[in-house]
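K.L.:
Build the 3D model from these lines:
(chains A and B)
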Protein chains: 2
Amino acid sequence: MAKKNAFYAQSGGVTAVINASACGLIETARQHKDKIGKVYAGRNGIIGALTEDLIDTSKDTAKAIAALRYTPSGAFGSCRFKMKSLEENKLQYERLIEVFKAHNIGYFFYNGGGDSADTCLKVSQLSEKMGYPIQAVHVPKTVDNDLPITDNCPGFGSVAKYIAVSTLEATFDVASMAKTSTKVFVLEVMGRHAGWIAAAGALASSADAEQPIVILFPEVVFNKEKFLARVDELVKKFGYCTVVVSEGVQSADGKFLADQGLKDAFGHSQLGGVAPVVANIIREGLGLKYHWGVADYLQRAARHIASKSDVDQAYAMGKAAVEFALKGHNSVMPTIERVSNKPYKWKVGMAPLNKVANVEKMMPKNFIAKDGFGITDKCREYLAPLIKGEDYPPYKDGLPQYVRLKNVAVPKKLGEFKI
Amino acid sequence: MAKKNAFYAQSGGVTAVINASACGLIETARQHKDKIGKVYAGRNGIIGALTEDLIDTSKDTAKAIAALRYTPSGAFGSCRFKMKSLEENKLQYERLIEVFKAHNIGYFFYNGGGDSADTCLKVSQLSEKMGYPIQAVHVPKTVDNDLPITDNCPGFGSVAKYIAVSTLEATFDVASMAKTSTKVFVLEVMGRHAGWIAAAGALASSADAEQPIVILFPEVVFNKEKFLARVDELVKKFGYCTVVVSEGVQSADGKFLADQGLKDAFGHSQLGGVAPVVANIIREGLGLKYHWGVADYLQRAARHIASKSDVDQAYAMGKAAVEFALKGHNSVMPTIERVSNKPYKWKVGMAPLNKVANVEKMMPKNFIAKDGFGITDKCREYLAPLIKGEDYPPYKDGLPQYVRLKNVAVPKKLGEFKI
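P.N.:
Predicted coordinates for the structure are as follows:
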């Protein structure tokens, strides 16, 4: 077999460690120059492949590629672009194969969540049919931690660490202020469908250092009376509390709590977060002084406080993807297999893509405490190792030295393609 | 002179490093046991003194006190409680002296901002008149960076670092998403009266790595058209931008931009932040997709990303306060004097309290760029050293090992006092 090039693209919401996967993948590919030619990255994800906007990663130095390990965000650009089904838009898939053929690409590495796994699977299937076989390997990534089979998803551990640390720090803050001022701090976190990230807030409290923390999960229908009773109980006991609320919390009517139909002075509707809504409920129900914060992008971009477990695993996934491809595997995804909790040990596993694509892993019911406002020991056992260890980026003059790659374009060989 | 005890209290909004000042103060006092008896801390600030709710810091081990250096928030509790003027409520001041007398307290250390400096001054003045002299030394603290004479205020550098790092990380994130999704990220930061904290967001961009960042200062009247034009310009050039907005930004009518009179579906008024307001202005004016975050307490509690300059200075201020007192100084505050920028050097100075109390230092006009949306080189020169260096807390199982002190109460000797 003639030496083939590889294609790599980042998909969906970026994370603090998706570039660590890119780093593992590119560094490993560079160690196998006898078998893999160049690694071409899609500029802005799969759109780069469709529009033949490829980046020649060989133009960036080993030092720059190594710096990806500690640089958050997607170095080649990501995209929110879901490929349609094969039936609906076969042209798009055919175009992908056409581009891969034109650039002698034999390996397709797609770094993303469930939707991307599906795309990855289809590319592999179609390429065979079209007589230009491509080995497609999916590299797992999602802060939502919702991919099946793998024990956890790269990207999640670092968000979880950020939320756990921030919740701890904010709780210390409100504890200091509670006597005469703020008694409740409300922190809004990501996770529209699953409460994994919100659950991480509960790690700030432990058996030997209890903190008054209330978690609002998207899995638990919001019950105002029960919620206020819980906050009241904690404030009476501790003098203060912190509420970690998932953006996806819904009320009994199935509406997001955040969508309260807010209007400004001119009658324009106002898109708010859920944190101010929850804060208002506390003010109206209990008359307590509050502060609220919305972490938003900060939580998933916070490479400065990334989890070492997460960085190591993200790198390992990128590395394993190349190794799988070199061993001839196709339509697979490397996974993280938990070996033991104490000490935390894990190894790389492999999952067939047809078992991964479009399957969403929800938080197990027995991870949520009976009252709906906290996590169980089982959940804590699962989460704790994922935030373990620090992996600080290098700093200069007080700022992390994140890298911007050159991202040199590969000359185009084909005509334009409208997407 | 018989050996006197010392009183220490924390005042106002807490910071990531106010406990480092407490640490410097208590450790230094412990080194001078021949001259200073015990350090009593006010539980919840000055309220602890008024209600004779004192904490015996000698009950906590050297190890616990050392851990204050890396523990955010106020370990003894702070308060938002402004002493009235001497004329209005002489009883309160007299009560303070009474409590100090009862517990043989000869040193009054007050750790706070401008209001606290005023209280500190008055205590010193009144105590002399009442024939029970107290040496009063103010320990500077405020994330607002608004105390006069001192080059900067402990607490500010760490917030500035948090905002600079977070702005950098969020800008990397939005850069990755901009092609198909979010083009503008809006980050709300503290600083109701002065734009020091917002200015720190501009440190994320530098000459050799320019980032598209717009700063909205409270010092600059919000001009919607100019603002939208600037965002539009940056998004056209870079594809994306980040807006760092101070909570104190006002429109031409003198109203806070955050106070837009929002109402929920039931007509209840809704307290919002300024970030969603600015995000809405961008959506309506330019039709761009946005995300927004509100750092709130996270920014001032973020000891995990504290500035080493700031931690060192906070510790030095606490230490100097004791040294000043031991040298017989009264009604003074230790200050930070900048010696040079490159390399950054500073030393401890001293300011008389009557020059500090109730004087607010605003951001110099020549620190804000001509267009009102950025900082000047002069401002950058000033800010850059303040975020220099990292000073990580120790971690266990993925979480910072912040300390909770025992905070053992000193037995009361006096009757109750209503405040």
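
K.L.:
Low-confidence stretches in chain A?
P.N.:
A:1, A:260-272 (pLDDT under 70).

K.L.:
For the lengthiest helix in it, name the packing helices and strands.
P.N.:
Ranked by number of residues, the top helix in chain A under DSSP state H is helix A:156-177. In this structure, helix A:156-177 packs against strand A:184-189, helix A:196-201, strand A:241-246, helix A:297-301, helix A:308-326, helix B:297-301, strand B:399-400, with contacts taken as 3 or more Cβ pairs under 8 Å, 6 or more residues apart in numbering or on different chains; DSSP states H and E. The way it works is simple: take the backbone N, C-alpha and C, and place the C-beta from them, glycine included.

K.L.:
With distance to residue B:281 and mean neighbour count added, can I get the ones you listed in JSON lines?
P.N.:
Formatted as JSON lines, the helices and strands packed on helix A:156-177 follow (distance: least, Cβ to Cβ, whole Å; neighbours: other Cβ atoms under 10 Å in any protein chain shown):
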{"stretch": "strand A:184-189", "distance to residue B:281": "21", "mean neighbour count": "28"}
{"stretch": "helix A:196-201", "distance to residue B:281": "29", "mean neighbour count": "30"}
{"stretch": "strand A:241-246", "distance to residue B:281": "26", "mean neighbour count": "29"}
{"stretch": "helix A:297-301", "distance to residue B:281": "19", "mean neighbour count": "28"}
{"stretch": "helix A:308-326", "distance to residue B:281": "36", "mean neighbour count": "25"}
{"stretch": "helix B:297-301", "distance to residue B:281": "23", "mean neighbour count": "28"}
{"stretch": "strand B:399-400", "distance to residue B:281": "37", "mean neighbour count": "21"}
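
K.L.:
mind putting those in TSV, distance to residue A:381 included?
P.N.:
Shown next, in TSV, are the helices and strands packed on helix A:156-177 (distance: least, Cβ to Cβ, whole Å):
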stretch	distance to residue A:381
strand A:184-189	21
helix A:196-201	12
strand A:241-246	19
helix A:297-301	23
helix A:308-326	14
helix B:297-301	27
strand B:399-400	15
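
K.L.:
Of all those, which one comes closest to residue A:53?
P.N.:
helix A:308-326 (21.6 Å; Cβ to Cβ).

K.L.:
what's the next secondary structure element after the closest one?
P.N.:
Using DSSP states H and E, the helix or strand that follows helix A:308-326 in sequence is strand A:332-340.

K.L.:
Tell me the helix or strand right after that next one.
P.N.:
Sequence order places strand A:345-352 as the next helix or strand after strand A:332-340, per DSSP H and E.

K.L.:
Can you mark which positions in that next one are buried?
P.N.:
Within strand A:345-352, the residues that count as buried by 16 or more other Cβ atoms under 10 Å in any protein chain shown are A:346, A:348, A:351.

K.L.:
Can you tell me which of those residues is closest to chain B?
P.N.:
Distance to chain B across the buried residues of strand A:345-352 (Cβ to the nearest Cβ) is lowest for residue A:346, with 14.9 Å.

K.L.:
give the contact list for that closest one.
P.N.:
Residue A:346 makes contact with A:151, A:309, A:313, A:336-339 under the criterion Cβ atoms under 8 Å, 6 or more residues apart in numbering or on different chains.
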